[in-house]
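A.B. asks: Below is the sequence, then the predicted model.
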There are 2 protein chains.
Amino acid sequence: MKLHYGRVFQDRLDSVHGLPRARLAELERRFGDIHAEVRRRREGGEYGFYQLGEQPVAVQQIRRFAEGVGQAFDHVLVLGIGGSALGMKALLNALKRPGWNELDDEGREFFPKLTVLDNVDPTSVAEVLRRMDPRRALVNVISKSGGTAETMAQYLVVRQWLEQALGPKATGHLVFTTDPAKGALREIAQKDGIAALEVPPAVGGRFSVLSPVGLLPAALVGIDIEGLLAGARRALAKAENAELLKNPAALYAGLHWAADTALGARVHVLMPYTDRLREFAEWYRQLWAESLGKARDRRGQDVNLGPTPVGAVGPTDQHSQVQLFMEGPHDKVITFLAVDRFNEDVTIPAGAGLPADLAYLGGKSMAGLLQAEYQATAAALSRMGRMNCSLHLEQLDAPALGEAIMFFQLATGYAGVWYGVDPFDQPGVELGKKLTYAAMGRPGYTAEPLGLPPGDVA
Amino acid sequence: MKLHYGRVFQDRLDSVHGLPRARLAELERRFGDIHAEVRRRREGGEYGFYQLGEQPVAVQQIRRFAEGVGQAFDHVLVLGIGGSALGMKALLNALKRPGWNELDDEGREFFPKLTVLDNVDPTSVAEVLRRMDPRRALVNVISKSGGTAETMAQYLVVRQWLEQALGPKATGHLVFTTDPAKGALREIAQKDGIAALEVPPAVGGRFSVLSPVGLLPAALVGIDIEGLLAGARRALAKAENAELLKNPAALYAGLHWAADTALGARVHVLMPYTDRLREFAEWYRQLWAESLGKARDRRGQDVNLGPTPVGAVGPTDQHSQVQLFMEGPHDKVITFLAVDRFNEDVTIPAGAGLPADLAYLGGKSMAGLLQAEYQATAAALSRMGRMNCSLHLEQLDAPALGEAIMFFQLATGYAGVWYGVDPFDQPGVELGKKLTYAAMGRPGYTAEPLGLPPGDVA
């Protein structure tokens, strides 16, 4: 994977907008401290996701399960939310045939269907249970803490559904992914003899797709999990480099931090040019937003900072958000995520009797049209003085995706240091949880009035 | 539908953040001019979408087609992009059973499957054609101009695929939705005798979901299109009111404009609390971004303004973006979109032997948990001094959705006047189109180098 970052600079945009080239040398000078801080924090036990490149034990367990028990099922139902769902949705979207669940057994090469329930919308839950055959279903419940309200509510409903159909055999249709020692899920697993994989304690939810959280479902549908990890190791190796210009994740983070803090470019857009990375952009959104959006910095000062990540898909979003990117405020940095070689292509026929307006399309390839649109959009943004950069994947396979995932995790880890915040906590969601627990009558929480304020209705 | 807007004000947030209550009176005073300008522009032929409440001829044509020819097909394939795809995806997501294409004929009540191709990703296109039976497929090609590059490229590929399977009968499997007189699609329809519906010339693409653009596919899958329009008429009626406090769309627009221009709250989040409105938030994103993100105002002055719309889904995004909303910069207004009554509910079982941590969930309803999470999140954001407001739908049916769609279109139309920009053009995407045409060798366009600048690679 290559990062092309020239078009964040004024001199490449021919514009008063963009970063002055001199900022790069400043970032390089400061990088010694940044790099040292990451190293120090890693030694102190933070940055647990660095360990995900090498997981021989977990990989063996996952493969044993996927190639053994896992073979017996036609449908995998994942219960999880946030970091326990977004990464796996990105893997499925990128690496399996589109519309996976609409394919027949042969189309899926006899791998199971995969459905993710990542909400407590009753319509979604009821519909899935109505449609799925419990005798053919394997349910993977994923919660690092083992107590996530939404996931545990789903689990209680789904377990009853399994037991009503299967009686005591229900436990054989469950596999948990959770903390090795703590929490309600681990407790249930031990009591009821349910298979359970481990989320490494040092790996936070939004950094966990390359742990058993994402790897077990991936392996069950036939994704090359060793390939994912091989790609991740490529990104990890580059991120050791103490020269900023040879450390793409640190550089990406530093340039975005500089664009935000020096120029107010606080909207960070990720725009892959393929449908296959639509869910990847959703995954990135959680990673960037939840890691960097913080009220206090590492020293406890009030800062209320954090970029707003936005997902887009090209060329589709040229017909949606790109007007704003071209002409709106100069408050954005756009990252294109381009795939150089598509696995298949479609030729646009050069039909006789075409209206003259369409003749230029005849005989061209669809991938060619898509690549022309990417290049044209990036060039046009540059001429309008809009900061942008490009990440190029040679092709979209498991190693490339593993590298892209780890690249963004590393960039997020570096961005935490550039911004001076803890990228691994999420203290801002505690108040909402507390108020929810109180409203649901959880012991130890005092209910408070939650309704809308009176008046001000139209 | 009700708009609860108290929590955009300082006095309801108990905070230095938020709009001073006195701003409301200022907006009310200014509204006379705003309202008059909208009225004047409507009389001048802009704001064509106001006419979509009453479309007896189009509705009759659509129903005749859907209940006649349309009955003969198992699968509807829509080719369209941007405004020709996003609205219909929102209709399907909101009003049909989840996972529609995974259901069997009976589960779909014998209505067809619906697949939307809104990109030129060759993998997506090749996969759909591999899977679909051309003998059972109806292809709806949607392009207002009749010349959209992506849609026409798809059309050429799909037409060849139909002809290879069906010979001259292929034309009976096509229906176009396009301008009544102009463009390549209209030309082809006339030459080849292909059924074609009309996009009213005064209705722009992103305002067209309640025209035949969205209504034909909706009718084909059994959505109550008269219900949609009845709901739209409710929103239209309210938007005639000359009192700002009784005109929710104008008020919504005015409050967002004030929050943006006075407080720098330039990120506008739409966060429905149901999976059924996920695509609605995507539709809103195009509407708000493309209409309001403009380089020049109505008087031709350089302004480079426009809010960045962001979609989120509750409770899911409480585990993704909400940390940023709670603690990040005070640069956002969050709109919750809540459904008061779900069509079905699921009870969380009160299993014996549950870990104590989970006992509070037992016996509760999933809709109840979801509503508690919405209220808790809105209350928590308010305590953190974060501007938010709520739109409440009584339930999610065709009239409610039609009202919500028209509400946002009206709000966008009003926002154009508050911001002083033309909400109906998109001049910023022309340069990218021109460069694409040149790269594709379209006559009349001179190719220019589009590659990435040299150097600056990591």
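C.D. replies: Arrived safely.
A.B. asks: and residue A:229, what is it in contact with?
C.D. replies: Residues near residue A:229 by Cβ atoms under 8 Å, 6 or more residues apart in numbering or on different chains: A:52-55, A:59, A:210, A:402. Where you see a C-beta, it was placed from the backbone N, CA and C, and this is true even at glycine.
A.B. asks: Buried ones only from those residues, please, as a PyMOL command.
C.D. replies: A single PyMOL command selects the buried members of the contacts of residue A:229 (16 or more other Cβ atoms under 10 Å in any protein chain shown):
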select buried, chain A and resi 52+53+55+59+210+402
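A.B. asks: mind listing what whatever residue of the stretch 51-200 of chain A ends up closest to chain B touches?
C.D. replies: Residue of the stretch 51-200 of chain A nearest chain B, by Cβ to the nearest Cβ: residue A:82 (2.6 Å). By Cβ under 8 Å, 6+ apart, the contact set of residue A:82 is A:118, A:205-206, A:286, B:316, B:318-320.
A.B. asks: Sort out for me which of the residues you listed are in helices.
C.D. replies: Applying DSSP state H to those, the entries found in helices are residue A:286.
A.B. asks: which of the contacts of residue A:82 are buried?
C.D. replies: A:118, A:205-206, A:286, B:316, B:318-320.
A.B. asks: Would you mind giving those residues as CSV with pLDDT and distance to residue A:374 added?
C.D. replies: What follows is those, written out as CSV (pLDDT from 0 to 100; distance: Cβ to Cβ, whole Å):
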residue, pLDDT, distance to residue A:374
A:118, 97, 30
A:205, 96, 32
A:206, 97, 28
A:286, 98, 25
B:316, 97, 30
B:318, 97, 34
B:319, 96, 32
B:320, 96, 27
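A.B. asks: List just the nearest of those residues to residue B:198.
C.D. replies: residue B:316 (38.9 Å; Cβ to Cβ).
A.B. asks: Would you agree that closest one is in contact with residue A:116?
C.D. replies: No: between residue B:316 and residue A:116 there is no contact under Cβ atoms under 8 Å: 10.6 Å.
A.B. asks: intersection of neighbour lists for the two?
C.D. replies: With Cβ under 8 Å, 6+ apart as the test, residue B:316 and residue A:116 both reach residue A:85.
A.B. asks: buried stuff in stretch A:125-137?
C.D. replies: For stretch A:125-137, using 16+ other Cβ under 10 Å, the buried residues are A:125-129, A:131-132, A:134, A:137.
A.B. asks: which residues sit against that stretch?
C.D. replies: Residues contacting stretch A:125-137 (Cβ under 8 Å, 6+ apart): A:73-77, A:115, A:117, A:154, A:157-158, A:161-162, A:165-166, A:170, A:173, B:97-99, B:102-103, B:107, B:344, B:346, B:366.
A.B. asks: from the chain's centre, how far out does it sit?
C.D. replies: 26 Å (Cα atoms, centre = their mean, to the nearest Å).
A.B. asks: start to end distance for it?
C.D. replies: 15 Å (Cα to Cα, to the nearest Å).
A.B. asks: Check stretch A:182-201 too.
C.D. replies: 10 Å.
A.B. asks: re the thing from before, and the buried ones among the contacts of stretch A:125-137, selectable in PyMOL?
C.D. replies: To isolate the buried ones among these in PyMOL, judged by 16+ other Cβ under 10 Å, type:
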select buried, (chain A and resi 73+74+75+76+77+115+117+154+157+158+161+162+170+173) or (chain B and resi 98+102+103+346+366)
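A.B. asks: Nearest residue to residue A:441 in space, please, no chain neighbours.
C.D. replies: residue B:360 (5.7 Å; Cβ to Cβ, 6 or more residues apart in numbering or on different chains).
A.B. asks: before we move on, back to that, which residue in the buried residues of stretch A:125-137 has the weakest pLDDT?
C.D. replies: pLDDT is lowest at residue A:131 among the buried residues of stretch A:125-137; the value there is 93.
A.B. asks: separation between it and residue A:315?
C.D. replies: Distance, residue A:131 to residue A:315, using Cβ to Cβ, to the nearest Å: 34 Å.
A.B. asks: cool, and residue A:28?
C.D. replies: Distance from residue A:28 to residue A:315, by Cβ to Cβ: 35 Å.
A.B. asks: Looking at the two, which is more packed in?
C.D. replies: residue A:315 (28 against 14; other Cβ atoms under 10 Å in any protein chain shown).
A.B. asks: which residues does that one contact?
C.D. replies: By Cβ under 8 Å, 6+ apart, the contact set of residue A:315 is A:273, A:370, A:373-374, A:377, B:81, B:119-120, B:150.
A.B. asks: 10 Å - rerun?
C.D. replies: A:271, A:273-274, A:322, A:369-374, A:376-377, B:81-82, B:118-121, B:149-150, B:432, B:436 (Cβ atoms under 10 Å, 6 or more residues apart in numbering or on different chains).
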